[in-house]
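K.L.:
3D, please:
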Amino acid sequence: MRTFPVSRRRLWQLAFDALLIVGAWRLTFFLTFDKQTPIYYRHLLSWQVITVVVGIKLAVFVLFGFYNRWWRYVSTRDMWGAARGVTVACLAADLVLYAFPPEHTSHLPRRIIALDFLLLLALVAGTRLLARTLIERPPSGLVARGREVLVIGAGDAGQLIVRELQRNRRLGMTPIGFVDDDPRKRNDRIQGIRVLGTTDELTQILRNNRPDEVLIAMPSAPGELRRKIVERTRGERIPIKTLPALHELISGEFNLAVRIRPVQVEDVLGREQVEVDLAQVATYVRDRAVLVTGAGGSIGAELCRQLSRLGVARLILVDQGESALYEIERELVDERNFTAAIPVLADCGDRPKMRQVFERYPADVVFHAAAYKHVPMLEANPLQAVANNVLATRAMAEVACEFGVKRFVLISTDKAANPQNLLGHSKAVCEWIVESFALRDDIETRFVAVRFGNVLASSGSVIPIFRRQIERGGPVTVTHPEMTRFFMTIPEAVSLVVQSGAMGGRGQVYVLDMGKPVKIDDLARQMIELSGRTAGDGDGEIRIQYVGARAGEKLHEELWNAGEAVGPTSHPKIMRAARSPIDRGWLEDELDDLQRLVEEADTLGVIGKLRGMSARPRRTGSAVLEDTLH
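P.N.:
Numbers count the residues shown, from 1 in each chain. Below you'll find the predicted structure:
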């Protein structure tokens, strides 16, 4: 039972219920005594008695929260509440009149008590159902079904959700209102549902209308706005879910039951959504054969998903992990109905095998995503880091040129900028390999590299690690309270990779705009809060433990090497790194030495050679940004 602030809407509801109480009371006597009320009961119809009855019943209605919800959002739960409230109100009024009857009046007849209760219940319930029916949802039945949902966002996505909720009864959800930041939509009815206000008024809207659940239906909303909505909704202890962000809804059949999910930390990081018209930029892969290395990995698998929607003639999936390869091939064939997927279980650094693959399945475009990426793992296994990252990239580039591939796109990392660990050193050399092949006059393959930071929820990403630690009750291990990283979602990064491939030529390195760096400590705290817990040392709280930076980790990542000039491209979220050309002869000699050291299993020699190359890359000429931008 709750009190409520006075509002014009509630005063009108009170006044209307007062009329219903008066009407039910007088109609009861009219029906009971067939128009002629006996003289010893007529005092019960005086305005003094009726005022007492109305006052008692309205007071009970208020205590039972009759006016905490708009009538047009009546639900089955509200009908049971109305029955309880009317029962208590009638009993209270009848007991008062029975105990203190008016002068010259007999005790209240029991049939009057029963009929007044039935009439008042019918009028109270009926008027609310009628309001719901006439105002909001005439085609969908009288009473709300299942959970009542407040939809944040009255745009196309919100309207689509409401239409589906109204149509599909199996979802068990009923929309009761919109919230939208466009003030022109206030009080408008969309799909029969009223726009109640803006997100700035969300707290009051939630208190006035108390939904069972809040649903964010703004795929392009920035993370900051989502965070504000989540904080206010959780402050009212109401569950909240979201429609996935724009990059997760690139295409495909809309299945609301599958798409709606709980709010995740990816939704509230504050990044602006990146929009890419893939259908327009991806003409270079349409009706072409495309080969993806590392096809079972996080980036490789998402590349396959997006390419399968862009009209490629054939996808050759190369991966040395059997389970991951099997899963992405089955997903493409069974779930996405893309039957032109060819799985190849192979090490992309194996030249004879890759020649065999290209002979059997000629490819026009190669996306080279295969790489070892976990910093501590590579620090402990330098031979494998160089073999799988550097030498495999060289082998793939050579075979691609040998078989006349039109475009070769390398997936790089921000750790290649001013590298401080073996992953960064190896990827920096991979960028040079791409650059050196692009500068050759005897080949026609167009080479590019795409450099970006951490991707959310990828294998080995900090987010799945934190999620598992939170599920276990903590502690959540953070390396350093000031450590920051750049973050981007996997679909977002891959769409920009495809866009970069359309731009490429002459060995450019494209760098994706990663937005503002995120403090890992803040990320951990947000994930704890989204799980419904708090960060701390008390009961029910999850402790954050600082464990120190691991081998090879930088406190803050960078996107640009020292001496690189930054140039724009046709897409505002993609920049170009301009620098002096690499000395191809020097690089070939260094790579030959690296290959020999790996074959000899000279771990210290490999480490020294790789770090020496990164520290003193030999370049020719000077960087001219204008030349690089063509």
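K.L.:
Now do the helices in the stretch 351-500 of the chain.
P.N.:
351-360, 375-380, 382-385, 392-402, 422-438, 462-471, 490-503 (DSSP state H, counting those that start in this stretch).
K.L.:
Just the strands from the stretch 151-300 of the chain, written as ranges.
P.N.:
173-179, 189-190, 193-197, 213-216, 240-242, 261-262, 289-293 (DSSP state E, counting those that start in this stretch).
K.L.:
Make TSV out of those strands and add mean pLDDT and distance to residue 341.
P.N.:
The way it works is simple: take the backbone N, C-alpha and C, and place the C-beta from them, glycine included. Output for the strands of the stretch 151-300 of the chain, formatted as TSV (pLDDT from 0 to 100; distance: least, C-beta to C-beta, whole Å):
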stretch	mean pLDDT	distance to residue 341
strand 173-179	86	36
strand 189-190	80	41
strand 193-197	86	42
strand 213-216	87	34
strand 240-242	82	31
strand 261-262	66	27
strand 289-293	96	10
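K.L.:
Let me have these in TSV, extended by mean neighbour count and distance to residue 601.
P.N.:
Below are the strands of the stretch 151-300 of the chain laid out as TSV (neighbours: other C-beta atoms under 10 Å; distance: least, C-beta to C-beta, whole Å):
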stretch	mean neighbour count	distance to residue 601
strand 173-179	26	61
strand 189-190	16	68
strand 193-197	22	68
strand 213-216	24	54
strand 240-242	21	50
strand 261-262	12	47
strand 289-293	27	25
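K.L.:
how close does the closest residue to residue 558 other than its chain neighbours get to residue 614?
P.N.:
Closest residue to residue 558 apart from its sequence neighbours, by C-beta to C-beta, 6 or more residues apart in numbering: residue 417 at 4.5 Å. Residue 417 sits 11 Å away from residue 614, going by C-beta to C-beta, to the nearest Å.
K.L.:
and if you look at residue 513?
P.N.:
For residue 513 relative to residue 614 (C-beta to C-beta), the value is 25 Å.
K.L.:
out of these two, which sits in the busier spot?
P.N.:
A direct count of neighbours by other C-beta atoms under 10 Å for residue 513 and residue 614 places residue 614 higher, at 21 against 17.
K.L.:
Spatially nearest residue to residue 447 (excluding sequence neighbours)?
P.N.:
residue 438 (3.9 Å).
K.L.:
circling back to that earlier point, which of the helices of the stretch 351-500 of the chain sits most buried?
P.N.:
Per-stretch averages of neighbours, counted by mean count of other C-beta atoms under 10 Å, single out helix 422-438 among the helices of the stretch 351-500 of the chain, with a mean of 25.
K.L.:
What angle do helix 392-402 and it make with each other?
P.N.:
20 degrees (axes from the mean of the first three to the mean of the last three C-alpha atoms, to 10 degrees).
K.L.:
Which other helices and strands does helix 422-438 contact?
P.N.:
helix 375-380, helix 382-385, helix 392-402, strand 407-411, strand 446-451, strand 509-512, helix 584-599, helix 603-615 (3 or more C-beta pairs under 8 Å, 6 or more residues apart in numbering; DSSP states H and E).
K.L.:
repeat that for 6 Å
P.N.:
Contacts defined by 3 or more C-beta pairs under 6 Å, 6 or more residues apart in numbering; DSSP states H and E place helix 422-438 against helix 375-380, helix 382-385, helix 392-402, strand 446-451, helix 584-599, helix 603-615.
K.L.:
Using CSV, write down the CA coordinates of stretch 416-431.
P.N.:
Extracted in CSV, the C-alpha atoms of stretch 416-431 (Å, rounded to 0.1, in the frame of the first residue of the first chain):
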residue,chain,number,x,y,z
ALA,A,416,51.6,-3.1,-33.1
ALA,A,417,51.9,0.6,-32.4
ASN,A,418,55.1,1.3,-30.4
PRO,A,419,55.2,-2.4,-29.5
GLN,A,420,56.3,-3.6,-26.0
ASN,A,421,55.4,-7.3,-26.2
LEU,A,422,55.8,-10.2,-28.5
LEU,A,423,52.3,-9.9,-29.9
GLY,A,424,52.9,-6.2,-30.7
HIS,A,425,56.3,-6.9,-32.2
SER,A,426,55.0,-9.8,-34.4
LYS,A,427,52.1,-7.8,-35.7
ALA,A,428,54.2,-4.8,-36.4
VAL,A,429,56.4,-7.1,-38.7
CYS,A,430,53.2,-8.4,-40.3
GLU,A,431,52.2,-4.9,-41.2
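K.L.:
what sits in contact with each of residue 417 and residue 614?
P.N.:
When contacts are counted by C-beta atoms under 6 Å, 6 or more residues apart in numbering, residue 417 and residue 614 have no shared neighbour.
K.L.:
if we can go back for a sec, quick one: which of the helices of the stretch 351-500 of the chain is nearest residue 95?
P.N.:
helix 462-471 (54.1 Å; C-beta to C-beta).
K.L.:
CA-only coordinates of the closest one in CSV, if you can.
P.N.:
The C-alpha trace of helix 462-471 is given here as CSV (Å, rounded to 0.1, in the frame of the first residue of the first chain):
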residue,chain,number,x,y,z
VAL,A,462,38.7,-9.4,-20.3
ILE,A,463,34.9,-9.3,-20.3
PRO,A,464,34.3,-13.1,-20.3
ILE,A,465,37.0,-13.4,-17.6
PHE,A,466,35.3,-10.8,-15.4
ARG,A,467,31.9,-12.4,-16.1
ARG,A,468,33.1,-15.8,-14.9
GLN,A,469,34.7,-14.2,-11.8
ILE,A,470,31.5,-12.4,-10.9
GLU,A,471,29.5,-15.6,-11.3
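K.L.:
From the chain's centroid, how far away is it?
P.N.:
17 Å (C-alpha atoms, centre = their mean, to the nearest Å).
K.L.:
Which residues does that helix contact?
P.N.:
Applying C-beta under 6 Å, 6+ apart, the contact partners of helix 462-471 are 456, 457, 476, 524, 527, 531.
K.L.:
thinking again about what came up before, quick check: which of the helices of the stretch 351-500 of the chain is nearest to residue 225?
P.N.:
With C-beta to C-beta as the criterion, residue 225 lies closest to helix 490-503 of those, at 17.4 Å.
K.L.:
Could you tell me the angle between that closest one and strand 407-411?
P.N.:
Using the same axes, to 10 degrees: helix 490-503 against strand 407-411 is 140 degrees.
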